[in-house]
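# Using only what follows, build the 3D model:
(2 chains)
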Amino acid sequence: MHEASITESLLSLALEKASEAKAGKITRINLVVGELAGVVSECVQFYFDAISKNTLADGAVLSFETKPTRIRCRKCEKEFTPVNHDWSCPDCHEIGVEIVSGRECYMESIEVE
Amino acid sequence: MSVKVITVGEKILGANEEKAKANKKRLDKHGILTINIMSSPGAGKTSLILSTIKHLGKKARIAVIEGDVASSVDAEKVNALGIPVVQINTAGGCHLDAFMVAEALDSLSLEKADLLFIENVGNLICPNNYLLGEDIRLMIASLPEGDDKPYKYPAMFADTDVVLLNKVDLQPYLDFDDAAFRKVVTGLNPDVIIFPVSCKTGAGMAAWFSWLEAALKSKQTK
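Model prediction:
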């Protein structure tokens, strides 16, 4: 159900930006979503097709750029992508890490006619 | 027709964040310490609220917002203790958002409250993405869930201010590795405060109560 709420938010943001630009139609919405944001893109597109009917965004394609999880060791500052939920540093084996990317959830741009 | 690209560069949940800021401002005006309680279903959110009311109810004026997918069983338990409570039913929604909380605040007498607990919907994913206007983010992890949960829900553990590790009375029956749990949680979140407690037996609760009383005092002198 998280996706339903995300989809409503992104539709209203896209419609707001399109009407500010006095656009007639939204053809594409470019989104950036991190692996850790917990957003299932197929679900979002499914909801989007349903709730965008009869709006400027009817028929628009959602494009998802997925950002992989990147974490940084707090001790040696090595940046890496965890494999199989192993969050310890591959270099110094410390377990103290900071999430660098993977939590993004934003709209980069919309394409309009 | 020509295609034009409009740069947006805004968070999808930006509108929620703005509303959360407005809620925070409103609660700050009344000097209310607000705690957003998040956990998986059955970890002990309602038990924590009830035992804290029993302990602190005479020292502070407490109010509660209960978020549930359906039913009002939790709100009834709080109401039975004579505490003002607003039930939000999300009708299938897996989290509370700042707009729902704003509406709930309209039904509370804010001038008569010092401490507000917001019991989020039981879920370790979505609630983390929706700020509500809280001062403190509190997570309950319970021993039966296992010590590996921080690996599965890292964002939740990285963002919380406080972790209550509940049901410590069950330790003899479980393989929960306390040291492993602490290592990964503090690894993700070096500033986190962890309180091992049992809401059922009362073990460890004194430390939580005194921390909360100090937080209340510091909010009121702000």
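
# where exactly do the strands run in the chain?
Looking at chain A here, since you left the chain open. Using DSSP state E, the strands of chain A run over A:26-34, A:61-67, A:70-73, A:79-80, A:97-101, A:105-112.

# Chain B was what I was after
According to DSSP E, the strands that chain B contains are B:4-11, B:33-39, B:62-68, B:85-89, B:115-119, B:136-142, B:162-166, B:193-196.

# Find me the pLDDT at residue 53, would you?
If you meant another chain, say so; for now it's chain A. In this model, A:Lys53 is scored at 96, pLDDT.

# should've been chain B
97.

# re earlier: and B:Asn166, which of the strands of chain A is closest to it?
strand A:97-101 (25.2 Å; CB to CB). C-betas here are computed from N, CA, C, even on glycine.

# Neighbouring strands of that closest one in the sheet, and parallel or not?
Under the criterion DSSP bridges, strand A:97-101 sits next to strand A:70-73 (antiparallel) in its sheet.

# rewinding a little: CSV please, covering the strands of chain A and showing mean neighbour count and mean pLDDT.
As requested, the strands of chain A are exported to CSV (neighbours: other CB atoms under 10 Å in any protein chain shown; pLDDT from 0 to 100):
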stretch, mean neighbour count, mean pLDDT
strand A:26-34, 21, 97
strand A:61-67, 15, 96
strand A:70-73, 20, 94
strand A:79-80, 16, 94
strand A:97-101, 18, 92
strand A:105-112, 21, 97
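
# For B:Asp148, which of these is the nearest?
The closest of the strands of chain A to B:Asp148 is strand A:97-101. By CB to CB, the value is 15.7 Å.

# Let me know which of the strands of chain A is the nearest to B:Ala104.
strand A:105-112 (24.8 Å).

# Paired strands for the closest one, with orientation please.
strand A:26-34 (antiparallel), strand B:4-11 (antiparallel).

# a markdown table for these, including distance to B:Lys112?
Conversion of those to a markdown table gives the following (distance: least, CB to CB, whole Å):
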| stretch | distance to B:Lys112 |
| --- | --- |
| strand A:26-34 | 42 |
| strand B:4-11 | 35 |
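
# B:Leu132: which of those is closest?
strand B:4-11 (15.8 Å).

# Show me which residues of that closest one are buried.
Of the residues in strand B:4-11, B:6, B:8, B:11 count as buried by neighbour count, 16 or more other CB atoms under 10 Å in any protein chain shown.

# picking up where we left off before, for B:Leu174, find the nearest of the strands paired with strand A:105-112.
strand A:26-34 (32.9 Å).

# the inter-axis angle of that closest one versus strand A:61-67?
20 degrees (axes from the mean of the first three to the mean of the last three CA atoms, to 10 degrees).

# Next, the residues that contact strand A:26-34 from outside, please.
Contacts to strand A:26-34, defined as CB atoms under 8 Å, 6 or more residues apart in numbering or on different chains, come from residues A:10, A:14-15, A:18, A:39, A:41, A:56-57, A:59-69, A:101-113, B:3, B:12.

# how far out from the middle of the chain is stretch A:99-108?
Distance of stretch A:99-108 from the chain centroid (CA atoms, centre = their mean, to the nearest Å) equals 6 Å.

# contacting residues around stretch A:76-89?
Contacts of stretch A:76-89 (CB under 8 Å, 6+ apart): A:68-73, A:75, A:90-92, A:94-95, A:97, A:100, B:148, B:151-152, B:154, B:184, B:187-188.

# Tell me the buried residues within those.
Buried among the contacts of stretch A:76-89 (16+ other CB under 10 Å): A:69-73, A:95, A:97, B:151, B:154, B:184, B:187-188.

# Turn those into a markdown table, columns for distance to B:Val86.
Below are the buried ones among the contacts of stretch A:76-89 laid out as a markdown table (distance: CB to CB, whole Å):
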| residue | distance to B:Val86 |
| --- | --- |
| A:Thr69 | 37 |
| A:Arg70 | 40 |
| A:Ile71 | 39 |
| A:Arg72 | 41 |
| A:Cys73 | 44 |
| A:Ile95 | 41 |
| A:Val97 | 39 |
| B:Tyr151 | 35 |
| B:Pro154 | 32 |
| B:Val184 | 36 |
| B:Gly187 | 37 |
| B:Leu188 | 33 |
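
# These: which two are farthest apart?
A:Arg70 and B:Val184, at 17.7 Å, using CB to CB across the buried ones among the contacts of stretch A:76-89.

# in chain B, what spans have low per-residue confidence?
Low-confidence regions of chain B, defined by pLDDT under 70, span residues B:1.

# can you list the residues of it near chain A?
Residues of chain B lying near chain A by CB under 8 Å from any CB of the partner chain: B:1-16, B:92-95, B:97, B:125-126, B:129, B:148, B:151-152, B:154-155, B:158, B:183-184, B:186-188, B:190.

# Cool, thanks, talk later.
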